[in-house]
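Novice: pasting the sequence and the predicted coordinates here, then a few questions.
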Amino acid sequence: MSHHRLAPSIHRQKNQLAAALSELRSTLELPGPFPEDVLRDADTAVAEHKMPELDLTHVEFVTIDPESSTDLDQALFIEQSGAGYTVLYAIADVPSFVTPDSALDAETRRRGQTFYTPDGRIPLHPEVISEAAGSLLPDQLCSAFVWEFELDAAAEVSSALVRRAQVRSRAKLSYKGVQADLDAGTAPPALQLLREVGIKRVELERLRGGASLNMPEQEIQQLPDGGYRIVAAPSLPVEDWNAQMSLMTGMAAARLMLDGKVGILRTMPAPDEGSLQHFHRQTHALGKPWDGEMSYGEYLRTLDPTDPRQLAIVHSAGMLFRGAGYTPFDGSEPEADLQAAIGTAYAHATAPLRRLVDRFVLVICEALSSGTEVPAWARDALPSLPSIMASSDQLAGRMERLALDTVEAALLVNHIGQEFDAVVISGAKPARNGNGGSNGKGNGNGNGNGPSGVVQIADPAVTARCPGELESGTEVRVRILSADIATREVRLELVD
């Protein structure tokens with residue numbers, strides 16, 4: 001893990017970075033503070049909130065999230081049940097705080113999701129809901145949609161239902177802390193069962209042809225001294241096991257809605273033959289051939305992103321994960337219901353504090369599970385949700401890319417002329433002239449019209465385009481020619 005810090009004496013550059021990151025909000029027209037009528041709606045909703053009748057506060061739920069998280073959407077409890085398992089998965093009851101057609105409802109539809117910027121998040125809901133009354137904080141009485149799963153010995157779902165209930169989380173746990181306890185053998189039984197069930201659910205994913213792209217994520221972290229760092233590290237095993245609980249819930253939600261013929265799915269087509277053939281050639285060129293006999297999902301799980309050539313394969317595999325969208329339906333099942341990366345039908349249902357569409361999925365699923373009428377306001381919203389979410393996702397993606405480019409430039413601004421070891425994650429191809437602003441990763445960044453590739457520097461964790469005849473998966477030496485925080489441009493050259 002990289003712990004590179006901006007030199008604390010470079011006050012001017014820190015100010016430049018802060019200004020460039022702040023400018024992103026206005027440049028991209030990200031949402032600003034909540035209007036007064038929205039805040040009044042939220043305050044009223046909290047003050048007048050009524051708990052469900054069903055009391056599940058005896059269940060010893062815990063939350064597992066990044067350590068700094070306060071908008072806690074999910075809480076988990078697992079126990080042995082004969083040869084199988086019972087899993088209770090509580091999801092924040094956001095719908096009970098949002099009155100349909102209110103100012104708060106309209107504002108959440110305008111935002112679509114929570115935006116996570118390096119200098120602070122822009123929440124989907126006012127903090128009185130997202131980080132207080134609506135968040136599954138420890139020792140707080142909360143309303144939640146509680147999914148109850150019965151699993152067989154192989155962790156296959158044999159039954160699933162969802163009900164609104166009162167819950168009380170016992171602890172706010174972090175991924176790092178849970179992983180450490182599991183590795184030390186000191187984790188409580190429910191967390192040991194999370195590992196056991198998670199491993200079995202990963203195997204079920206393999207059997208159904210699902211695929212996980214375990215690409216090391218680059219996360220921007222703010223430091224106490226006002227600087228930033230980029231942390232690039234593979235996810236912990238417990239993150240995968242915990243994600244399997246969310247995936248299981250999303251698959252159950254999709255099944256409920258398909259059976260009820262009303263809802264909205266998260267869909268993605270299977271890779272086309274051309275993409276698969278290109279990926280097949282890439283794996284051979286990079287020395288870890290995919291023979292096509294095992295599914296590409298199985299193959300991806302064999303990759304080690306700490307190996308330079310296999311890291312290049314992981315990046316190349318990104319072309320297989322394209323075309324995701326939302327598919328609403330009402331009255332009949334949709335023509336296409338597959339989420340190809342998961343290997344079955346799937347819905348977003350577990351992050352309502354941070355993603356708009358989940359609020360509607362939860363309400364629809366609870367009605368279908370209990371045999372009651374799906375609320376008209378939820379059905380009426382279905383046709384508009386795909387465009388809202390697509391627009392929001394595009395904005396969030398652009399913001400994340402530009403923020404990363406900005407911090408990468410800041411990390412390198414004091415290293416002009418210095419050389420670093422790097423890995424080529426995308427091989428040589430003609431670069432195009434552009435106007436900067438993406439560290440050259442998308443437009444050549446003024447490095448000329450000759451061949452270029454994308455390289456990843458390990459420390460500081462920076463990804464940028466570099467001109468030259470570069471071969472994917474090889475280790476190279478690069479020199480920093482320039483880094484401009486304001487324009488988000490980084491220029492590299494290959495060292496012979």
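Specialist: It's in.

Novice: number of nearby residues for Gly453?
Specialist: Neighbourhood size, Gly453 [other CB atoms under 10 Å]: 23. Using the backbone N, CA and C atoms, a C-beta is placed for each residue, glycine as well.

Novice: output the below-cut-off pLDDT ranges for the stretch 101-250 of the chain.
Specialist: 214-223, 225-233 (pLDDT under 70).

Novice: please enumerate the strands of it.
Specialist: For the stretch 101-250 of the chain, the strands defined by DSSP state E, counting those that start in this stretch cover 115-117, 120-122, 141-151, 157-168, 171-174, 217-222, 228-233.

Novice: which elements pack onto the first one?
Specialist: This means strand 115-117. Judged by 3 or more CB pairs under 8 Å, 6 or more residues apart in numbering; DSSP states H and E, the packing partners of strand 115-117 are helix 11-27, helix 385-412.

Novice: check those for me: which has the lowest mean pLDDT.
Specialist: When those are ranked by mean pLDDT, helix 11-27 comes last with a mean of 82.

Novice: who are the packing partners of that helix?
Specialist: Other helices and strands packing on helix 11-27, by 3+ CB pairs under 8 Å, 6+ apart, are strand 115-117, helix 385-412.

Novice: can you tell me which of the helices and strands packed on strand 115-117 is most buried?
Specialist: Highest mean neighbour count of the helices and strands packed on strand 115-117: helix 385-412, a mean of 20 (counted as mean count of other CB atoms under 10 Å).

Novice: now the angle from that helix to helix 11-27?
Specialist: 170 degrees (axes from the mean of the first three to the mean of the last three CA atoms, to 10 degrees).

Novice: direction included, what does whichever helix or strand comes after helix 385-412 pair against?
Specialist: The helix or strand immediately downstream of helix 385-412 is strand 419-430, counting by DSSP states H and E. Applying DSSP bridges, strand 419-430 is found paired with strand 451-457 (antiparallel), strand 475-484 (antiparallel).

Novice: could you look up the SS state of the residue lying closest to Asp65 once chain neighbours are set aside?
Specialist: Ranked by CB to CB, 6 or more residues apart in numbering and with sequence neighbours excluded, the top spatial neighbour of Asp65 is Leu72, at 6.0 Å. With DSSP: H, G, I helix; E, B strand; the rest coil as the basis, Leu72 sits in coil.

Novice: tally of neighbours for Leu72?
Specialist: Neighbours of Leu72 using other CB under 10 Å come to 23.

Novice: would you mark the buried spots in stretch 65-80?
Specialist: Within stretch 65-80, the residues that count as buried by 16 or more other CB atoms under 10 Å are 65, 69, 71-78.

Novice: and of those, the nearest to Pro375?
Specialist: Of all these, Pro375 sits closest to Asp73, with 21.1 Å by CB to CB.

Novice: coming back round to it: Throw the helices and strands packed on strand 115-117 into TSV and include distance to Glu107, thanks.
Specialist: Below are the helices and strands packed on strand 115-117 laid out as TSV (distance: least, CB to CB, whole Å):
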stretch	distance to Glu107
helix 11-27	17
helix 385-412	12
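
Novice: in which helix or strand would I find Arg266?
Specialist: With secondary structure defined by DSSP H and E, Arg266 is part of strand 262-267.

Novice: again, but for Glu79
Specialist: Following DSSP H and E, one finds Glu79 within strand 74-81.

Novice: next, the angle from the next helix or strand after that strand to strand 74-81.
Specialist: Sequence order places strand 84-92 as the next helix or strand after strand 74-81, per DSSP H and E. In terms of direction (the same axes, to 10 degrees), strand 84-92 departs from strand 74-81 by 160 degrees.

Novice: how far does stretch 179-195 stretch from one end to the other?
Specialist: Stretch 179-195 has an end-to-end distance of 10 Å (criterion: CA to CA, to the nearest Å).

Novice: buried set for it?
Specialist: 179, 181-182, 187, 190-191, 193-195.

Novice: circling back to that earlier point, pick out the lowest-pLDDT one from the buried residues of stretch 65-80.
Specialist: Ser69 (91).

Novice: picking up where we left off before, kindly present the strands of the stretch 101-250 of the chain as JSON lines, with separate columns for distance to Leu356.
Specialist: Shown next, in JSON lines, are the strands of the stretch 101-250 of the chain (distance: least, CB to CB, whole Å):
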{"stretch": "strand 115-117", "distance to Leu356": "12"}
{"stretch": "strand 120-122", "distance to Leu356": "14"}
{"stretch": "strand 141-151", "distance to Leu356": "16"}
{"stretch": "strand 157-168", "distance to Leu356": "19"}
{"stretch": "strand 171-174", "distance to Leu356": "25"}
{"stretch": "strand 217-222", "distance to Leu356": "23"}
{"stretch": "strand 228-233", "distance to Leu356": "28"}
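
Novice: dump these to JSON lines, plus distance to Gly210 and mean neighbour count.
Specialist: Shown next, in JSON lines, are these (distance: least, CB to CB, whole Å; neighbours: other CB atoms under 10 Å):
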{"stretch": "strand 115-117", "distance to Gly210": "26", "mean neighbour count": "18"}
{"stretch": "strand 120-122", "distance to Gly210": "30", "mean neighbour count": "16"}
{"stretch": "strand 141-151", "distance to Gly210": "17", "mean neighbour count": "22"}
{"stretch": "strand 157-168", "distance to Gly210": "15", "mean neighbour count": "18"}
{"stretch": "strand 171-174", "distance to Gly210": "26", "mean neighbour count": "18"}
{"stretch": "strand 217-222", "distance to Gly210": "19", "mean neighbour count": "15"}
{"stretch": "strand 228-233", "distance to Gly210": "23", "mean neighbour count": "19"}
